[in-house]
Every structure is written in structure tokens, then in C-alpha cells.
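Undergrad: what's the 3D shape of this:
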Amino acid sequence: MQPKSHLCERARSWASLRADGELSELESALLDAHLGRCASCRTFARGTEEIAAALRSARLETPAPILVRTEIQHRRNTGLRALQVAAAVAVVVAAGVIAAFSGPSGSADAAKPVSMVAGVDSPDGLRALRRPGLIEQSRSIPRNRQLPGEAV
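TA: Next up is the predicted model:
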């Protein structure tokens, strides 16, 4: 059941605090006065006390045992980890060797200019920097030309 007013909300909060032994004498007296007038808060306070008493009387559970890794397991895992690291290093070295010998050496494609742009440039400034690299100077732009002997 929902609290009827701000006073009921406060009384239910105090009832919960009283069950844990955290209510002052003044608040306890005010709670008792409210519980004398309000049946729903009285029911709530009684239920809170019963739950707190049941929790206090319950038997404590023992924690589950903690498994500790043995020295043999540690050595086995360390050896496996070292093997994994060595394999990863070998793959990286092989990729570097393949990339060094398979790429075009001395071709025009290898020496394309690279532009570095600061993060404060506008999109138009970026476009202007990128445009010369996209358009090759030696390439002619095709035009609609009239071939000799064709009629207009």
C-alpha cells in the first residue's frame, strides 16, 4: 500500500531506522504518535520489525572455499604464455619482411606526397589541400571534341 502523505513517508522511513536501532528518542516519540493514528503505517512498522528479527535470527552462511592456483599450474600457464608471445612476435616479423620485399621499389606510386593537416582546418581547407594529390598534372582531361569528318 502506498503512503498517504509526506508524514506517512517519513514515518515509514523512521520505522525502518528503528528496526536497525538507528532512530533518536525524539524521532521515536514522533513515530509512536504517528503509529497511534495511522493503521497502514502501524502495519508497515510491524512488518519491518518482523523482517529485521528474522534476519537477525538467521544462521550465517559460510563462504565458499577459495581455489588457489598451484605452482605447477602457474609454471604450465607461464610456459604456454611465453610460447604465445613468441608466436605473435614471429608473425609480426614475418609480416614486416614480406611488406619490405613485396612493395614496389622506386616506382612513382611509392613517392606520393602526403599532407598533414591540423585539426582546426575547415572542410574547404582540407579539400584544397587534398585536391592536388587527386588530380595528376600529366593526365589530360577528356573533352567532347569533334572528330575530323563529322558533321555538327
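Undergrad: Low-confidence ranges, this protein, go.
TA: 1-4, 69-77, 103-152 (pLDDT under 70).
Undergrad: longest helix in it, by residue count?
TA: Counting by DSSP state H, the longest helix found in the chain is helix 71-102.
Undergrad: distance of L31 from R12?
TA: Separation of L31 from R12 (Cβ to Cβ, to the nearest Å) stands at 9 Å. Where C-beta positions appear, they are placed from N, C-alpha and C, glycine not excepted.
Undergrad: Return every residue with contacts to both of those two.
TA: Between them, L31 and R12 have A45 as joint contacts when contacts are counted by Cβ atoms under 8 Å, 6 or more residues apart in numbering.
Undergrad: Mind listing what's buried along stretch 13-28?
TA: Taking 16 or more other Cβ atoms under 10 Å as the basis for neighbour counts, the residues of stretch 13-28 that come out buried are 14-19, 23, 27.
Undergrad: Endpoint to endpoint, that stretch covers what distance?
TA: 11 Å (Cα to Cα, to the nearest Å).
Undergrad: quick one: contacts of that stretch?
TA: Counting contacts by Cβ under 8 Å, 6+ apart, the residues touching stretch 13-28 from outside are 30-31, 35, 41, 44-45, 48-49, 51-52.
Undergrad: Let me have the residues you listed in JSON lines, adding distance to V93 as columns.
TA: JSON lines is the format used below for these (distance: Cβ to Cβ, whole Å):
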{"residue": "L30", "distance to V93": "78"}
{"residue": "L31", "distance to V93": "75"}
{"residue": "L35", "distance to V93": "79"}
{"residue": "C41", "distance to V93": "75"}
{"residue": "F44", "distance to V93": "72"}
{"residue": "A45", "distance to V93": "74"}
{"residue": "T48", "distance to V93": "69"}
{"residue": "E49", "distance to V93": "72"}
{"residue": "I51", "distance to V93": "66"}
{"residue": "A52", "distance to V93": "67"}
